[in-house]
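A.B. asks: could you work out the structure for the sequence below:
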Amino acid sequence: MEERKIQQAVKALGLKRQIIGVRFLVFRQDYEASKGEEMEKSTLCQLVLWAGDGKKVKAGMENLSCRNGAYAVGMCSVPEEEKSGRKEFTSGDYESLAVARQICENKQFIPQNIYGIEIAPLEKMGEADIVMMIGTAKDIMRIMQGYVRYYGVAKNVVTVGKCGVCSELISRPFMNNDINVSLLSRCARKNGDYQKGEMGISMPVHMVNSVLTGILETVNLTENNGPKREILERLDYPEELGFSIRMNYDYAIQGMEYQKYCAECMKEEQ
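C.D. replies: Prediction:
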């Protein structure tokens, strides 16, 4: 991934946390070869937090303290009571076993056996499988605008407020080969120290270049003058994003110009 484009997108969005990559370490040899710092008794939520702060970290089954995370990413087999929804139903969160079963089915556990996981800022990774961003609702909106510019309507977005990192931001986008948005979860906010207004979004790595390009290409179209001034304050020089920030210009103005054009054409036809 081109480091310059990553940094341009971070500046355009004003992200407080770094864009991170997630890599599945399928075999023990992959895990041992990883340069990530091995984190003891951690959760995937914590690994994402540390990576967002600039660290390159890794964990295997023996290091994970959250069993749900291990189920989601294929580090251990999923027991029948988990897959069937019986455990979730008895917890009291859902009105019926059918609802609980549907929730568990949509967690999209990775069926492949995976030894460990590496998470780091994207530009520090030689390769990644999933790319994740944590930010405000406004940040996630802008990232989705970058996605829809090239891929259209996101058809696989599911978020239920549980397993917000391990399932909604890692296993689900991997299994569906598509973007997903997460409202995060109680455990994610506790273990990852995420703020009330933060959300997450992630996608397979092959989509990222187009999404980052889409984010940059829609800056002038989607932002009004206030956010554009904030972007300019973050830049080291005016054209750091690869283009000039245009004031008094957005998609609404473009739309009004086209409406005028249509009205003129209709007058000529009458």
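
A.B. asks: you'd agree Asp139 is in a strand?
C.D. replies: No - counting by DSSP: H, G, I helix; E, B strand; the rest coil, Asp139 is not part of a strand but helix.

A.B. asks: now do it against Glu198, distance only.
C.D. replies: Using CB to CB, to the nearest Å, Asp139 is found at 9 Å from Glu198. Using the backbone N, CA and C atoms, a C-beta is placed for each residue, glycine as well.

A.B. asks: ditto for Val160
C.D. replies: Using CB to CB, Val160 is found at 17 Å from Glu198.

A.B. asks: comparing the two, which residue is more hemmed in?
C.D. replies: Glu198 (20 against 17; other CB atoms under 10 Å).

A.B. asks: now that one. Nearest residue, chain neighbours left out?
C.D. replies: Using CB to CB, 6 or more residues apart in numbering and skipping residues adjacent in sequence, the residue nearest Glu198 is Ile134, 5.7 Å away.

A.B. asks: next up, the contacts around the one you found.
C.D. replies: Neighbouring residues of Ile134 by CB atoms under 8 Å, 6 or more residues apart in numbering: Arg17, Val48, Gly52, Tyr194, Glu198, Met199, Gly200.

A.B. asks: go on, Trp50?
C.D. replies: With CB under 8 Å, 6+ apart, Trp50 has these contacts: Met39, Val57, Ile119.

A.B. asks: what of Phe89?
C.D. replies: Ser96, Leu97, Val99, Ala100, Arg101.

A.B. asks: helices - which of these land there?
C.D. replies: Secondary structure assignment by DSSP state H places Leu97, Val99, Ala100, Arg101 of those in helices.

A.B. asks: can you flag the buried ones in those residues?
C.D. replies: When the ones in helices among the contacts of Phe89 are checked for burial by 16 or more other CB atoms under 10 Å, the buried set is Ala100, Arg101.

A.B. asks: let's have the ones in helices among the contacts of Phe89 in a markdown table, adding pLDDT.
C.D. replies: Shown next, in a markdown table, are the ones in helices among the contacts of Phe89 (pLDDT from 0 to 100):
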| residue | pLDDT |
| --- | --- |
| Leu97 | 94 |
| Val99 | 94 |
| Ala100 | 92 |
| Arg101 | 93 |
